[in-house]
Each structure stands twice: as structure tokens, then as C-alpha cells.
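>>> coordinates only, sequence not included:
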């Protein structure tokens with residue numbers, strides 16, 4: 001059963017070495033992520049699952065100890081999904097798949113927070129996974145243990161300004177406002193109702209992970225708090241904590 005969730009943005013720019021001179025611009029977002037992870041730790045989960053979207057070829061499950069890095073973004077920063085001792089380093093050996101970017105950012109956040117509260121694993125869902133598939137995946141995750149927590153990695157629209165990755169789209173601000181309300185209110189019905197087609201047009205990479213969360217939280221009766229909302233670089237970033 002889902003007992004807690006943290007929703008965090010997934011830009012590699014959260015990692016100070018990637019952001020370089022602009023690292024301070026996301027300082028408030030990092031602080032909010034730390035606060036959300038503290039809520040997860042306080043929930044005393046039996047299992048934490050990091051959920052993020054990924055491109056085809058990078059989807060699927062990743063075990064504790066899986067490794068990732070940010071070399072594709074020009075920096076030699078390596079990350080590992082939690083302490084691999086419990087997993088016998090089964091996820092970090094030669095030939096193992098590297099974490100996709102969204103999960104690598106999640107691993108960095110957990111390391112930054114010195115996570116040690118529970119065993120963990122990660123799941124990369126296809127960016128194009130339809131809503132029923134997302135909801136079904138979430139229900140399956142919630143049934144994995146008596147007390148399950150999720151760290152949900154994903155951004156809002158990437159079309160908030162003319163300098164945004166997707167240029168300016170007037171639909172982006174209302175889309176992000178609705179997403180922020182749903183995440184802050186722990187409104188599973190509103191998250192499940194997010195239009196996958198519109199999300200794709202607005203390049204909102206968080207849509208599938210959010211809908212996985214919606215499926216996992218069905219009937220859990222969790223309350224939500226929105227800890228951060230902004231659109232630096234023209235991309236909607238949200239941090240929320242559910243418990």
C-alpha cells in the first residue's frame with residue numbers, strides 16, 4: 001500500500017556540477033526536494049520505488065545499486081541508486097544498464113539526502129505509456145509491499161516562454177497550473193484526467209510518472225502539499241509531498 005510520495009522535477013540541472021554557474025538558480029528547488037524526501041523517510045516505508053520517464057530502450061526496472069552518470073551533459077558525475085550492499089552490487093556490475101537521466105537525478109537526490117531508510121529500486125516508464133497503462137503500473141507498485149513510498153520524477157510543460165525548449169505555447173501555463181493543483185491536493189482523479197496528447201504536445205515529461213502515482217495512490221487517502229512551483233528556463237517544475 002502506498003504510504004507516502006514525493007514528486008520532484010527531473011532536470012539534470014538540479015545537479016550543481018551540471019548547472020555550473022547557474023547552480024544557485026535552482027537552490028530553492030533542491031531545498032524543496034530535500035524536504036519532500038524527509039517526508040518519505042518519516043513514513044518508514046518497506047520499499048521505495050523511484051519512478052521516472054525514459055525513452056524506448058531505457059525503460060524497465062533498475063535494482064538497488066544501479067549506476068548512472070551525467071557525462072552526456074558534459075560532467076563526470078557518477079551516481080548509484082542507494083547503498084548497493086543489500087543487493088550485492090547486482091545492479092552496478094559490468095554490463096549493467098545505466099540509469100536514464102530522470103532516474104539518475106532521483107539517485108542524486110537520494111544520495112544528497114543520505115537516504116538509508118528502506119530498500120529501493122527504480123522504474124523507468126515509457127514517455128508514451130497510455131493512461132490506463134500508467135494507472136495499472138501504479139496499482140502494481142502499491143501492492144509490492146505493506147508500506148510503499150514513491151519518488152516520482154518528472155517535469156511539467158517545456159513551453160512556458162519563447163526561450164523554452166518547446167518555444168512558447170499559450171496552453172502551457174494553464175496546463176502547469178492544473179498539474180500543480182492536482183499534485184498539491186493529492187488529487188488522483190485530476191492526475192488521471194491529464195490529457196496525454198496535450199502533455200506530449202507541451203513536452204511535459206512528468207505526465208506518465210504522475211499518472212503512475214495516481215494509480216498507486218488510489219484509495220490510500222493521502223494528503224498533499226505543494227512545496228515548490230516555478231518555471232525557470234521556461235519549463236514547469238513542481239515539488240510536492242504526499243503522506
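Everything's here; your move. Quick caveat: nothing in here was measured; it's all calculated off a predicted structure. Residues are numbered from 1 along each chain as shown.
>>> Now do residue 19, the pLDDT please.
We have a pLDDT of 83 for residue 19.
>>> Next: residue 133.
On pLDDT, residue 133 comes in at 98.
>>> cool, and residue 24?
pLDDT for residue 24: 82.
>>> Hmm, residue 2 is touching residue 140, no?
No - contact between residue 2 and residue 140 fails when scored by C-beta atoms under 8 Å: they sit 11.5 Å apart. Bear in mind the C-beta positions are built from the backbone N, C-alpha and C, glycine included.
>>> Show me the beta-bridge partners of the residue nearest the centre of the chain.
For the chain, residue 153 is the residue whose C-alpha lies nearest the centre (C-alpha atoms, centre = their mean; 0.8 Å). Per DSSP bridges, the residues bridged to residue 153 are residue 8.
>>> Next, work out how far apart it and residue 173 are.
Per C-beta to C-beta, to the nearest Å, residue 153 is found 22 Å from residue 173.
>>> How about the contacts made by residue 209?
Applying C-beta atoms under 8 Å, 6 or more residues apart in numbering, one finds that residue 209 lies in contact with 51-53, 102, 125, 152-154.
>>> Can you tell me the SS state at it?
helix (DSSP: H, G, I helix; E, B strand; the rest coil).
>>> Relative to residue 5, how far out is it?
Counting by C-beta to C-beta, the separation of residue 209 from residue 5 is 10 Å.
>>> ditto for residue 179
Here the criterion is C-beta to C-beta. By it, residue 179 lies 15 Å from residue 5.
>>> Residue 169 touches residue 159, doesn't it?
Yes - between residue 169 and residue 159 there is a contact under C-beta under 8 Å: 3.7 Å.
>>> what's the burial count for residue 64?
Residues lying near residue 64 (other C-beta atoms under 10 Å) number 22.
>>> Just to be sure, it is in a strand?
No - assessed with three-state DSSP, residue 64 is coil; it does not lie in a strand.
>>> which residues touch the lowest-mean-pLDDT helix or strand in the chain?
None of the helices or strands of the chain scores lower by mean pLDDT, DSSP states H and E than helix 16-19, at a mean of 89. Contact partners of helix 16-19, identified using C-beta under 8 Å, 6+ apart, comprise 12-13, 23, 25-26, 70, 73-75, 77.
>>> which of those residues are buried?
Among the contacts of helix 16-19, those buried by neighbour count (16 or more other C-beta atoms under 10 Å) are 12-13, 26, 70, 73, 75, 77.
>>> So what touches the helix or strand containing residue 198?
Element membership for residue 198, per DSSP states H and E: helix 196-201. Helix 196-201 has contacts (C-beta under 8 Å, 6+ apart) with 127-128, 130-131, 157, 169, 171, 175, 207-208.
>>> circling back: find residues that contact each of residue 209 and residue 5.
Here residue 209 and residue 5 have residue 152 as joint contacts, going by C-beta under 8 Å, 6+ apart.
>>> Now do the contacts for residue 175.
Going by C-beta under 8 Å, 6+ apart, residue 175 touches 156-157, 198-199, 202, 204, 236.
>>> sec struct for residue 229, please.
Following three-state DSSP, we place residue 229 in the strand state.
>>> And residue 168, by the same measure?
Relying on three-state DSSP, one would call residue 168 coil.
>>> Verify the stated contact: it with residue 158.
No - between residue 168 and residue 158 there is no contact under C-beta under 8 Å: 10.7 Å.
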